[in-house]
Every structure is written in structure tokens, then in C-alpha cells.
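> Next one to model:
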Amino acid sequence: MSGTAPGPQARTDARMAPASTLGVLATLRRGVQVSPELLHGLVGTLGLALLAALARVLVPATVQQTVDTGILGAAGPDVGRVALLVGLAAAGLLVGAACSAAVNVRLFRSSESGLLTLRTRAFRHVHDLSVLTQGSERRGSLVSRVTSDVDTISMFVQWGGIMLLVSLLQILVATVLMAVYSWQLTLLVWLCFVPLLVLLPRMQKGVNARYGRVRERYGAMLGAVSEAVVGAETIRAYGVAARTQRRIDAAVRGTRDAMVRAQNLVAVVFSSGVLTANLVLAAVVVAGTWLGVLGELTVGRVLAFLFLVQLFTGPVQMATEILNELQNAVAGWRRVLGVLETPVDVADPGEEGRPSPRGPAALTFEGVGYAYPDGPPVLRDVTLDVPAGTGVAVVGATGSGKTTLAKLVARFMDPTTGTVRLDGVDLRDVRGADLRRRVVLVPQEGFLFDGTIAENVAYGLRTPGPDAAERVREAVVELGLDAWVDELPYGLDTPVGQRGELLSAGERQLVALARARLADGDLLLLDEATSAVDPVAEVRIARALRELARGRTTLTIAHRLSTAEAADLVVVVHAGEVVEVGDHATLVDAGGHYAAMHAAWVAQTR
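Numbering: from 1, shown residues only. The predicted model follows:
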């Protein structure tokens, strides 16, 4: 899948600072830009959260009024007033509980919608990246960006975000009411928290850095584990289980150590908040008693203020913990944004591109050169014309550039220099959907998804419909594979297992060929895969390839020169250059590179 052409927003994002260099607030702003659904209904949610916070201060206010006017009033205890005040407080608390529940539901809905957008965009962008870009990072690490990193954001937005919002409003409401009761004690409370407010930002920077390391180590661990699981057979075959285990253990220990270092600092931050809260409570008890003795505060006001201090310090302690979770979420957000900001180097022009109608496909290379990043050129000045309907075999030594030619035609990457044209149109200008309809690649090792043979063949259908099963069967029959399918225990419903592990290498290739037949491309790119299969499978693959190539332009990466002998045109690649082009007989008579390769191959097969 190629990327879509960058629009104005993408070009604007490209000029922004990299996600890894953003501060916390800048990261949150960028995240909201990517997932605007997070802010849907925020005004209404804030209003409900304010009502919930106001409900929580009903208890202190009720305590003050009950003590001062209901119990210690001038006329003595007033049971009716006490009952009325308690009833009003209970009703208010019920309303507050309903508001809190509504806040939770609203924030959960908006956060899930926003995270859906974030996860979907990240997954789509990973697929839009070129094969080369994907190959530069371990698959497990990429998967962690879309899964665990988004999960850390989800945990904060759905829990920490709610608590932070309610806590901030509760602190605000508690401060206002405390000031009404005693501005002196309110000033004392805030002065006690000044040292924490000064030190907290510095400590949060440390937490931020350590959680960034945690996310990196977690991604590396997932990559190492997934690689070991996929390569389990090779690990057993070469007896390197102990070595692999040591590598996995090192990755797991690295994740653990990073998490422990982060949590150690988190514990310091949280303990600082707890210590400060206890000191504040003690200071208020002493100062409040003194003010009461002086006659500046009633007993009810002192008791109410102590309740308000609890409402004030509780959210402050909670806020320190939430801010620590925020650092973890921000670290994950940066990694996801980093994926979204990775440029799509093979961009699909989309609807602005030129259409490429179906029909016989002609292929042209004009001065094509290619070099992998930070590497030497692997192709140099390749110029070649492939007329429509021609069967081309590309031969050459390992590392000569054969596979790179096929990748350029499939537009998994673009040439460094020169142009590849399909029917005279630069591939970079062809609509991506048209290119995928017309150019079909059959790799040397066809990837199969966990499911049945029929389901894997049906992946070749551009528009699956109710006749999918019938079309799958037709493709199998057309390639002469019906006898093989009928030998299987469940026919087309035979399960293939993960990555096709329940089938042999030759059988996986047969499924891939049937899938390519359903795709019905005009230009086939075939990476010949008969060198590692049994003779019976090789015969079946060869017959299926002949049927598949009939009437189509084919470009085959030939590993066996028997394929070149049957081709219309042989292209010989040596050290990144096309050194010979012609039919088999002509090249053998020419006595050049191909003649030498053919002679060596004939000698080996005798």
C-alpha cells in the first residue's frame, strides 16, 4: 500500500518540531489536533464536573452550619434545623454523584472516539510507509506504537484525565470556600504548598525522561519477543535457544530496570505530596485553634475548614500521581506522533494522479538508478523497454540488483535517479489504486494469513461478493490446481495456520499463485520460488505459472536458468547494471555473462 499525497495539513505538520522534542503541553496540543474528538462536548462536561465539585463542599458547609446554628445556636440545639441541613446535603450529594457519573460517561465516549481515530491513523500510516521505511524499524516496535503506546494514552485519558479535571475544580472550589471562612488559614495552606509547587515541575521533567525510556524499552522488548516467536523453528533447528533466551532476558530486564527507575522517582514525588498534605493539616489544626481562642473563628468554621483542607489536599496528592501517569501517556503519545510524522516517501498522487486503464502493459526503464539510504548504488543507469505481453527473465548473481528492479516496478520504493514508466506514464504519477490493480507481485515466499486456503486465495479479489467462493474455485481450476486441492483433507477449507505454517513451502506458493490469478493484473512480477520445493510441487508451480502468465506481461526474477530458456527476453544484471539483453539463444551465442552463467548451470545439472 502506498501513501496518499500530502495535503496542506501534512505539509504544515512537516514543518512542525519533531514529536520527540515537544514539551508536555505541546505534545497534548498536537495529540488533540490529531484526535479532535477528545474535545467533543468538553464545555458540557466541564459544567457537570463543576457541579460535582460543588457537591463535595456541601459536607464542610453543612458541618459548619449544623454546629454553629443547629447545635451551638443562641437558642440551643435545633433538631429540625439539623435534620433539614442534613437532608439538603444528602440531596446535593446525590445530584453530585449523578453529575460525576455523567462526567465519566461523557469523557469515556469522547476519549474512545479520539483514541479510535489515533489508533486508526497510526495503523494506516504504518501501512502507507514504504517497505524500506518499515524495514528500518523492528515490526514489534511498530506494533507497540499502535497497541501498547495508545493503551497508555487511553488509561490516562479515561482515568487520569477525569480525575485531573475533577481534582482541579475541587481545589478551586475548596480554595474559594476556605477563603470565605478564613483568609489567614487559606494563605497558610497555600504557603505550605509553595515548596512543592516549585520543585514539582523539575521532578516531573525527570519523570518524563524516565517514562520515555520505559516506552522505548517496552517497544524493544516486544520486538525481541515477537521475533523469537516467529523464528522459533529456526532457533530450535540451530540450537540457539539459550542464546535467544539471554537476549530476551536482557530485553525484559531492560524494561524492568527502566520501569523501576521511573517508579522510584514517582514514589519520591508522591511521598512529597503526602508529606506536604500532612504538614498542612497539622499547621491548620494549630493555627485554627489559636484563631478560635482569639475569637476570630467559631468551632463550626474550624471544623468546616479542616474538612475543606482534606478536600484540598486529597486532590493535590491525587494530582501528583495523575501527573506521573500523564508523563507515561505523553511518552506514548510522542511515539505515536513520531510514527504519524514519519514522511511517506512513496506518495500516492490519489485522484490528482493520472489514470492507468486496464489492458496490455508495457514497461520502460529510463536511466534508472537506486541507492539504499547511506549505502552505495545498487542500480546504475538501467535503460530497458519491455513491450506489452513480453515474458522477461531477469538473471544475475545474488546482490546484483534483480530484486530491486522488481520492487521499483511494484513501486515499493522510487528510483533515486531516472524513471520507471507503465504504458509511458511515470509510476509516480499513476493513481495508486490503478497501479495495484494492474501490477501484481508474487513474492518468493507468499505470505498467508491465519485462515483457510479459500480465504487466503480470496485476498486477491478486489471486490469480494457473494460469488467469491465460486471465483476462488475457478481460479484454482484455471491454474490446474484442482487435483492438489482435492487431495487435501478439507479441500479449499483446509486451514493454513499462522503464516501458512501448516502447509509446505510449495503449497504456500500455490496458494499465492491462485491469489494472484484472482487479482488479475496486467503486469506480473514473479520472484521464482521453485528452488526449495519437492519435484511434484515444482511441476505444479511451473504449470500454474505458465497459465498465470498467459496473455500478460511478466517480469520474473529467475533463480534457475530453465526459466530464462523459456522467456521471450532475458535481462542480465551484473553489479547493478544491465549488461546484456536478448533471447536465450542469442545470448548463449554471444559468449558473454549469460553464456558463462548458462554453461556453469548446465554443468551443475548434469
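
> What about Gly314, how many residues nearby?
16 (other CB atoms under 10 Å). The way it works is simple: take the backbone N, C-alpha and C, and place the C-beta from them, glycine included.

> swap that for Arg334, sorry
Around Arg334 there are 24 residues (other CB under 10 Å).

> quick one: it from Phe123, how far?
18 Å (CB to CB, to the nearest Å).

> Kindly report the same for Asp151.
14 Å.

> and Val578, backbone torsions?
phi -80, psi 110 (degrees, to the nearest 10).

> Which residue is the nearest non-sequential neighbour of it?
Val382 (5.2 Å; CB to CB, 6 or more residues apart in numbering).

> List of residues touching stretch 101-112?
With contact meaning CB atoms under 8 Å, 6 or more residues apart in numbering, stretch 101-112 is reached by 37-42, 44-45, 48-49, 52, 154, 157-158, 161-162, 165-166.

> Show me what counts as buried in it.
Going by neighbour count (16 or more other CB atoms under 10 Å), the buried part of stretch 101-112 is 102-104, 106-107, 110-111.

> Let me know the next secondary structure element after the helix or strand bottoming out on mean pLDDT in the chain.
Least confident helix or strand, the chain: helix 8-15 with a mean of 36, by mean pLDDT, DSSP states H and E. Under the assignment DSSP states H and E, the closest C-terminal helix or strand after helix 8-15 is helix 24-34.

> How far does that next one sit from its chain's centre?
Centre-to-centre, helix 24-34 and its host chain are 17 Å apart (CA atoms, centre = their mean, to the nearest Å).

> Following that helix in sequence, what is the next regular element?
helix 42-56.

> which residue ranges form the strands in this protein?
Per DSSP state E, the chain carries strands over the ranges 3-4, 347-348, 363-371, 377-386, 391-395, 417-422, 425-426, 439-442, 523-527, 553-557, 569-574, 577-582.

> Kindly reformat these as TSV containing mean pLDDT, mean neighbour count and distance to Leu279.
Formatted as TSV, the strands of the chain follow (pLDDT from 0 to 100; neighbours: other CB atoms under 10 Å; distance: least, CB to CB, whole Å):
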stretch	mean pLDDT	mean neighbour count	distance to Leu279
strand 3-4	41	20	56
strand 347-348	80	20	59
strand 363-371	93	18	65
strand 377-386	92	18	68
strand 391-395	92	25	78
strand 417-422	94	18	70
strand 425-426	94	17	72
strand 439-442	88	22	69
strand 523-527	89	23	71
strand 553-557	91	24	74
strand 569-574	92	23	77
strand 577-582	92	17	78
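
> dump the residue contacts of Gly399.
Here Gly399 is in contact with Val378 (criterion: CB under 8 Å, 6+ apart).

> same check, this time on Leu303
Leu303 touches 63-64, 67, counting by CB under 8 Å, 6+ apart.

> now that we have those, which one has the most neighbours?
Of the contacts of Leu303, with other CB under 10 Å as the count, Gln64 tops at 23 neighbours.

> Now do that residue against Leu185, distance only.
Relative to Leu185, and taking CB to CB, Gln64 is found at 13 Å.

> Who is the spatially closest residue to Gly396 that is not a sequence neighbour paired with across the strands?
In this structure, Gly396 finds its nearest non-sequential neighbour in Val573, 3.7 Å apart by CB to CB, 6+ apart. Beta-bridge partners of Val573, counted by DSSP bridges, are Val578.

> what are the phi and psi angles of Pro373?
Residue torsions, per degrees, to the nearest 10, at Pro373 are phi -50, psi 130.

> now it: how far from Ala347?
17 Å.

> and what of Ile322?
Separation of Ile322 from Ala347 (CB to CB): 40 Å.

> Run through the stretch 101-250 of the chain and note the low-pLDDT ranges.
For the stretch 101-250 of the chain, the stretches flagged by pLDDT under 70 are 129-148, 158-162, 204, 230, 233, 237-238.

> how near is Val260 to Arg202?
21 Å.

> Look at those two and report which has more neighbours.
Of the pair Val260 and Arg202, Val260 is the one with more neighbours under other CB under 10 Å, namely 11 against 8.

> can you give me the helices in the stretch 501-606 of the chain?
505-519, 535-549, 561-566, 584-590, 593-605 (DSSP state H, counting those that start in this stretch).

> Would you mind checking the average pLDDT for the third one?
Think helix 561-566. Averaged over helix 561-566, pLDDT sits at 85.

> Which strands and helices lie in contact with it?
strand 391-395, helix 584-590, helix 593-605 (3 or more CB pairs under 8 Å, 6 or more residues apart in numbering; DSSP states H and E).

> tell me which residues in it are buried?
561, 563-566.

> Can you pull the phi and psi angles for Pro77?
Dihedral angles (degrees, to the nearest 10) for Pro77: phi -60, psi 140.

> Hmm, it is touching Val67, no?
No: shown here, Pro77 and Val67 do not form a contact pair, counting by CB atoms under 8 Å, at 10.5 Å.

> Return the set of buried residues in stretch 226-236.
So stretch 226-236, judged by 16+ other CB under 10 Å, has buried residues 226-228, 235.

> Of the residues you listed, which is the nearest to Ile453?
Ser226 (25.4 Å; CB to CB).

> can you give me the offset of stretch 345-360 from its chain's centre?
Worked out by CA atoms, centre = their mean, stretch 345-360 lies 27 Å from the chain centre.

> Stretch 45-61 too?
With CA atoms, centre = their mean as the basis, stretch 45-61 stands 39 Å off its chain's centre.

> cool, stretch 176-184 as well?
On CA atoms, centre = their mean, the centre of stretch 176-184 falls 49 Å from the chain's centre.

> The longest helix along the chain packs against which elements?
Longest helix in the chain by number of residues (criterion: DSSP state H): helix 241-293. Secondary-structure packing of helix 241-293 (3+ CB pairs under 8 Å, 6+ apart): helix 183-230, helix 299-341.

> Please identify the deepest-packed of those.
helix 299-341 (a mean of 22; mean count of other CB atoms under 10 Å).

> now that one against helix 24-34, angle please.
In terms of direction (axes from the mean of the first three to the mean of the last three CA atoms, to 10 degrees), helix 299-341 departs from helix 24-34 by 60 degrees.

> Mind checking the pLDDT average for helix 299-341?
Mean predicted confidence for helix 299-341 is 76.

> quick one, it and helix 241-293 angle?
In terms of direction (the same axes, to 10 degrees), helix 299-341 departs from helix 241-293 by 150 degrees.

> ok, Arg109 to Gly31 distance?
18 Å.

> and if you look at Ser504?
47 Å.

> out of these two, which sits in the busier spot?
Gly31 (24 against 13).

> Which residues are in contact with that one?
Per CB under 8 Å, 6+ apart, neighbours of Gly31: 38, 118, 153, 333, 337.
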